[in-house]
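Colleague: Give me a model of this one.
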Amino acid sequence: MEKGSRSLQSAPLETIANAGMDSTARIYDMYETMLENILQDPSEPPVSLPLEFLEAITDNFSSDHELGRGGYGVVYKGILRSGKVIAVKKIYDAYSIEKDNSLDEISRVMGIMHPNVVQLIGYCAETKMDTLTHDSGKLIVAERRSRLLCFEYISNGGLHMYISKEHLDLGWDEIYKIIKGICSGLDALHEEKIIHLDLKPQNVLMDGNMEPKIVDFGFARQLGENKSKIYTERATGTVGYIAPEYHFHGKISPKADIFSLGVIMIELITGSRSTPHYSYTSYDNNSLDSTQAHQQFTENVLGKWKKIFQRTLHEASVIQVYTHQLKQLIDIALKCVDIDVNKRPTAADILQFFYQNAAGGSSCDPICKNSQVRDLISVQPIELKFPMADPNKFQRSSCLLHLNNNTVGHVAYRMLSNSLSPHLVWPSFGFVPPGCRYTIAVTIRNQQNPRPSNDMFFTLESTRASDQEIKNVISRHLTSDHNDFFTKAKDKGRQVHEEKITPVYGNNDQSEIKIVPLEWSSYNWASIDVHPTEPWILLVRRDSSTIIVWDYNTQKEKVYKDF
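Modeller: Residues are numbered from 1 along each chain as shown. Prediction:
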């Protein structure tokens, strides 16, 4: 069975129907246990569920369980025996002999695992043959498709419930957090080339901690490999949030979602959708008039919020920081709703603003025109300088390579050599946490006649990595996954950055680090760490049955088994 989905293959629907009430209850309990496990461990794949089970937990899709309606279906509250609640989206039943597009939403959402994107925990895709009366009066046979999606239940309702023109229900800290969360979720979608196309407050739900979660992917489209945009003859979405180039010309790109994001940002900050951006019907407004309108808009919003800050805050330094953040976010929002697609930032660009603020940095113009994060990681140094030593002695020299993650997400890296070489790179593959510095060691046994540096080089590859991808690699412990990770990233059309690293021999400078030769058993290690106060290195086997404590000073190890 594939990892991407699960179902009770040993309990087909016919068995459930004929096994009696007790047996049916046991089968349903198994499904409920699976759903609860997925809710506790988001890395678990969604489970395939029978229609009868979903009918049972929604009281046969009764109106009392209805949570909301959308363009593609109705969302119901599903209540498990344990009392836990899930959301069940019932896509409108269809009779058709044409291609089934209703499964697209399942495939799009299944691979996404992000705290700001609603979690898909189960689905149902059943098809039955029914007889219908055709318009001509003849009986025909057609497929009746039942398509349902099960999601985690988000308790605090839609974002639209917290937006009011008369008074601001949200404090600045909450608004700031919500905008950051939506940007983060949108960035995760765009990394997978998924364009939402119906981003609006009603499709952003708030959980118990007031964290936003993007929902409803019924209109979403996924770009193909190496494509940055596509076109459609039929634009869908909500007027007021839909990007003009998509509304009028059917152009689909990540920047369409950015336009919608900008409208939401302005709504959150002002309580209203009235924005000073260009009219849908005019692409040739005077730029000076637009600039003046933006300035007036910014001054009005700042004036309104300054009164709130002065009334609710007591520290001048906090007011100053909040006012600065507010001004920057207004500027970003206005760029998002610019009629010129090229002037809109990406979700990753906007996240850099939040990262800079979290790191204590500041910028008067955090999102520059056409700004991009040029490199996911910066590398120091780009030349590895190895000293020349006595070739008759068995010696090793090493250089440190420092990788600095310039983004707010995890970055995967892989170090490749252009040919067989005496170099040892450790670790040659890994994940650099956001905003962190990561160090790898490149070690070489000293050569009698080292080859010229232009004959040997390394290639450092880097690309973005989602939480789900990291968990998949870590859980499997397979070296082959390292190559597969970058192969799949390229297949998805994800950008892979490359940096050339050159070794140089004969450097007389003192080496940064000293390598101490050590003979030890070839255990399959799961982790390595250092003692905070003693000169000990701790190693743990993958099966957690053995721990080795290696004393750096004595160069001896002590083994603890059956730990």
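
Colleague: Sketch out the low-pLDDT regions of the stretch 301-450 of the chain for me.
Modeller: 358-375, 387-396, 406, 408, 418-423, 445-450 (pLDDT under 70).

Colleague: mind listing the helices for it?
Modeller: Along the stretch 301-450 of the chain, counting by DSSP state H, counting those that start in this stretch, helices occupy 316-336, 347-358.

Colleague: now swap in the chain and tell me
Modeller: For the chain, the helices defined by DSSP state H occupy 13-18, 20-40, 51-57, 104-110, 172-191, 244-249, 254-270, 287-312, 316-336, 347-358, 467-476, 480-491.

Colleague: which of the residues in the fifth one are buried?
Modeller: Translated: helix 172-191. For helix 172-191, the neighbour count (16 or more other C-beta atoms under 10 Å) marks 172, 175-191 as buried. Every C-beta, even on glycine, is put in place using the N, C-alpha and C of the backbone.

Colleague: Please name every helix or strand in contact with it.
Modeller: If you count contacts as 3 or more C-beta pairs under 8 Å, 6 or more residues apart in numbering; DSSP states H and E, helix 172-191 packs onto strand 204-206, strand 212-214, helix 254-270, helix 287-312, helix 316-336, helix 347-358.

Colleague: May I see the buried residues of stretch 433-448?
Modeller: The neighbour-count check on stretch 433-448 (16+ other C-beta under 10 Å) flags 438, 440, 442, 443, 444, 446 as buried.

Colleague: what does stretch 333-347 give?
Modeller: So for stretch 333-347, counting by 16+ other C-beta under 10 Å, buried means 333, 334, 335, 336, 337, 338, 339, 341, 344, 345, 346, 347.

Colleague: what's the most distant pair in the residues you listed?
Modeller: Farthest pair in the buried residues of stretch 333-347 (C-beta to C-beta) is 339 and 347. Separation: 19.1 Å.

Colleague: measure stretch 548-556 end to end?
Modeller: Length of stretch 548-556, first residue to last, C-alpha to C-alpha, to the nearest Å: 10 Å.

Colleague: oh, and call the first residue 40 from now on, that's how I've got it
Modeller: Fine by me, first position is 40 from now on; the one you just mentioned is stretch 587-595.

Colleague: mean confidence score for that stretch?
Modeller: The average pLDDT for stretch 587-595 rounds to 82.

Colleague: how far is it from where the chain is centred?
Modeller: 41 Å (C-alpha atoms, centre = their mean, to the nearest Å).

Colleague: What residues sit buried inside it?
Modeller: By 16+ other C-beta under 10 Å, the buried positions in stretch 587-595 come out as 587, 589.

Colleague: what about residue 356, distance to residue 210?
Modeller: Distance, residue 356 to residue 210, using C-beta to C-beta, to the nearest Å: 17 Å.

Colleague: which of those two has more neighbours?
Modeller: Set residue 356 next to residue 210 and count neighbours by other C-beta atoms under 10 Å: residue 210 wins out with 13 against 8.

Colleague: Got phi/psi on the more buried one?
Modeller: phi -80, psi 170 (degrees, to the nearest 10).

Colleague: Tell me which residues touch it, please.
Modeller: By C-beta atoms under 8 Å, 6 or more residues apart in numbering, the contact set of residue 210 is residue 351.

Colleague: What of residue 472?
Modeller: 444, 449.

Colleague: Equivalent analysis for the one 3 residues further on, please.
Modeller: Applying C-beta under 8 Å, 6+ apart, we find residue 475 in contact with 443, 444.

Colleague: I'd assumed residue 384 was in contact with residue 293.
Modeller: No. The criterion here is C-beta atoms under 8 Å, and residue 293 misses it with residue 384 at 10.5 Å.

Colleague: gap between residue 293 and residue 578?
Modeller: Taken as C-beta to C-beta, the span from residue 293 to residue 578 is 44 Å.

Colleague: So if I had to pick from the two, which one is more boxed in?
Modeller: Just comparing residue 293 and residue 578: by other C-beta under 10 Å the higher neighbour count belongs to residue 293, 23 against 18.

Colleague: That concludes my questions; thank you for your assistance.
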